[in-house]
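Asker: Pasting a predicted model and its sequence here:
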Amino acid sequence: RAVAWSLQHRWIVVAAIVASLMVAFSLFDQLGVEQMPLTDTSLILGYVRADPGVSTKRMAQIVKQIERIALKQKNVKNVSALTGQSPGWGQYFTGYGVNEVNEARLLMNLTIANEQRKETLWQIQNAIYRKAKAEIPDLDVLFMQPLSPTPVSASRAPVEVLVKGPSMKQVYHYGQEVLQIAHTQAVGLHNPYLDTVYGVPQLEVDVDKARAAAMGLTVQNIVGQVYYAINGGMTGTFFNPRPTMYYHSRILIRYQKDQRRSLQDLRDLTIAVPGGHSVPLSA
C-alpha cells in the first residue's frame with residue numbers, strides 16, 4: 001500500500017526527500033564529526049624544538065631534562081630520544097630523522113591502558129608538556145601525539161605556511177605576523193610555531209646577475225651547484241648494488257669534508273659553465 005501510495009503521490013514524496021536533505025545539510029555543520037575514535041596505544045611520539053642558535057650540547061641537555069620530567073610520571077616506562085643534526089636527505093631511507101641542531105624526536109612507552117593505569121595517554125602528555133614548558137626557558141616547541149594504530153585515527157596532517165623574500169629580517173617579521181594570526185584567528189589550530197633560522201650565523205651567496213649572465217649562468221644554476229656541493233644530494237639514477245648494499249640503491253654526491261669547512265672553501269667552489277669549463281664561485 002505504501003509503495004502504491006508513493007507512486008500515486010510522487011511529487012509529495014519528492015518534496016519530502018528534498019526537505020529531508022535540506023534539514024540534513026543545515027545540521028551538518030552543527031554536529032561534531034569523528035571518523036574513528038582516538039585509541040590509547042600506550043605509545044607517545046614527541047617533537048622537540050629549542051630556540052634558534054641553541055648549541056648541540058645545550059640541546060642534549062634539554063632532551064635529557066624532558067626525559068627526566070617524563071620518567072617522573074609513574075606510568076611512563078621508558079623514553080627514547082633522537083637528537084643531533086643530519087642533512088636534508090637524512091630521512092630518505094627510514095622516515096625518521098633530525099635535520100637541525102635544535103630539533104629532537106621522542107618516543108615514550110607507557111604502561112598498558114585500562115589495566116595498569118587509570119590516567120589516559122592525553123592526561124600524561126599534558127602533564128609532561130606543562131612541566132617542561134615551565135622549567136625549560138629555551139624550549140620553543142614540544143608537540144606530542146599518540147602513536148596511532150591506524151592512519152585515520154591520528155591527528156590530521158600539519159599545515160605549513162612558507163614565507164619567502166629577499167631579506168631574512170623582513171621574512172622573519174612576516175613570519176611573526178603569520179604566527180600571531182595562527183594563535184589568534186585560526187580556530188581549531190593547535191601548536192602553531194615559527195620555524196626559522198633568523199639569528200643563527202649564516203653564509204649568504206650574493207650572485208652578480210650581470211656577471212653570471214655573461215657566463216651563460218642563472219642565479220638558480222649557481223645556487224643549485226653551491227647547495228649540492230656542500231649539502232649533497234642523491235643521484236637520480238638507480239644502480240644494481242652489491243648484496244652488502246641492499247639498504248639503498250642511490251649514491252650521495254658532495255664535496256669531501258676538507259673541501260667545505262671554511263669561508264675560503266666556499267669561495268673556491270667550482271661552478272660549471274656552459275661550454276665545458278668551470279670557474280671558482282668568487283669569480
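Answerer: Nice, thanks for sending it over.

Asker: domain ranges for the protein?
Answerer: The chain breaks down by automatic domain parsing into domains covering 43-155, 157-199, 209-280.

Asker: Single out the most deeply packed of the ones you listed.
Answerer: domain 43-155 (a mean of 16; mean count of other Cβ atoms under 10 Å). Yep, even glycine has a C-beta here, placed from its N, CA and C like the rest.

Asker: which stretches of the stretch 51-200 of the chain have low pLDDT?
Answerer: Counting by pLDDT under 70, the stretch 51-200 of the chain has low-confidence residues at 85-99, 148-157, 197-200.

Asker: one step back: adding distance to residue 2 as columns, could you present the domains of the chain in CSV?
Answerer: CSV is the format used below for the domains of the chain (distance: least, Cβ to Cβ, whole Å):
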stretch, distance to residue 2
domain 43-155, 39
domain 157-199, 44
domain 209-280, 65
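
Asker: Nearest to residue 28 among those domains would be which one?
Answerer: domain 157-199 (16.4 Å; Cβ to Cβ).

Asker: can you give me the strands in the stretch 101-250 of the chain?
Answerer: Using DSSP state E, counting those that start in this stretch, the strands found in the stretch 101-250 of the chain span residues 103-110, 139-146, 233-234.

Asker: what about those, which gets the closest to residue 265?
Answerer: strand 233-234 (18.1 Å).

Asker: list the helices and strands the closest one packs on?
Answerer: Contact analysis of strand 233-234 by 3 or more Cβ pairs under 8 Å, 6 or more residues apart in numbering; DSSP states H and E lists strand 252-253 as its packing neighbours.

Asker: Tell me the gap between the strand it packs on and the middle of its chain.
Answerer: 23 Å (Cα atoms, centre = their mean, to the nearest Å).

Asker: And that strand, what does it pack against?
Answerer: strand 233-234.

Asker: centre of the chain versus the strand it packs on, how much separation?
Answerer: For strand 233-234 - counting by Cα atoms, centre = their mean - the centre lies 20 Å from the chain centre.

Asker: avg pLDDT for that strand?
Answerer: Looking at strand 233-234 alone, the average pLDDT works out to 73.

Asker: Many thanks, have a good one.
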